[in-house]
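J.: Prediction below, plus the sequence it came from.
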Amino acid sequence: MKIDKVYVLGAPGSGKTFLAKKLSKILGIEHFDLDDIFWEKKYSVKRSDEEREKLLQKITKKKQWIAEGVYVSWTNEVIKNSNLVIWLDSPSHVLMWRVLNRYFQRKENFKDTMMLLNSIKEYKQNNQDGYKQHRKLIESHEVDFVYIKSKDEVDNFLKNFLKKMK
């Protein structure tokens, strides 16, 4: 199977950016953070639906890409055009620890960190967003799909992925 269009999704703190960057380096394919598509100014100014759609189409029309994000309602085209979808689904306490750790290490904005922590809390509790919507989105398309629940599984996936690429 040719892997040249990859979508990594999951809750905040799940390791989407980490994995997408690793895959980008392994495959030599550009990585796109969907936060950069959604936000004109991170966590404060959203792009219009039209602008977001244009930017997303630019990505999905490329021959190769790796996209990562938490979004559900507007990412149908990303999954539809992917030939591999990776869902990172760590336990909530791990996600919260990672986001808090990021806050202290990178000196990120407190308000933004609290917003991310609230998103994690709601991820598996809210029927309209997050977990259940990710599952529905994946199930609505026939794509190769990998479900990863821990850092060890990420490491094993990368190790096996590297073996297949050699």
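T.: Arrived safely. Numbers count the residues shown, from 1 in each chain.
J.: got any ranges where this protein has weak pLDDT?
T.: 1, 43, 126-129, 165-166 (pLDDT under 70).
J.: For Thr60, give its distance to Lys5.
T.: Distance from Thr60 to Lys5, counting by Cβ to Cβ, to the nearest Å: 8 Å. Heads up, the C-betas are built off the backbone N, CA and C, glycines and all.
J.: Please identify every residue contacting each of the two.
T.: Shared between the contact lists of Thr60 and Lys5 (criterion: Cβ atoms under 8 Å, 6 or more residues apart in numbering) are residues Asn81.
J.: More neighbours: which of those two?
T.: Lys5 (21 against 18; other Cβ atoms under 10 Å).
J.: where along the chain do the strands fall?
T.: Assigned by DSSP state E, the strands in the chain fall at 5-10, 31-33, 39-41, 45-46, 65-69, 84-88, 145-148.
J.: Nearest to Asp112, out of those strands?
T.: Evaluated with Cβ to Cβ, those place strand 39-41 nearest to Asp112, the distance being 10.6 Å.
J.: Now render the strands of the chain as CSV, adding distance to Lys164.
T.: Converted to CSV, those look like this (distance: least, Cβ to Cβ, whole Å):
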stretch, distance to Lys164
strand 5-10, 14
strand 31-33, 19
strand 39-41, 35
strand 45-46, 38
strand 65-69, 16
strand 84-88, 12
strand 145-148, 12
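J.: Leaving out sequence neighbours, find the closest residue to Phe18.
T.: Val154 (7.7 Å; Cβ to Cβ, 6 or more residues apart in numbering).
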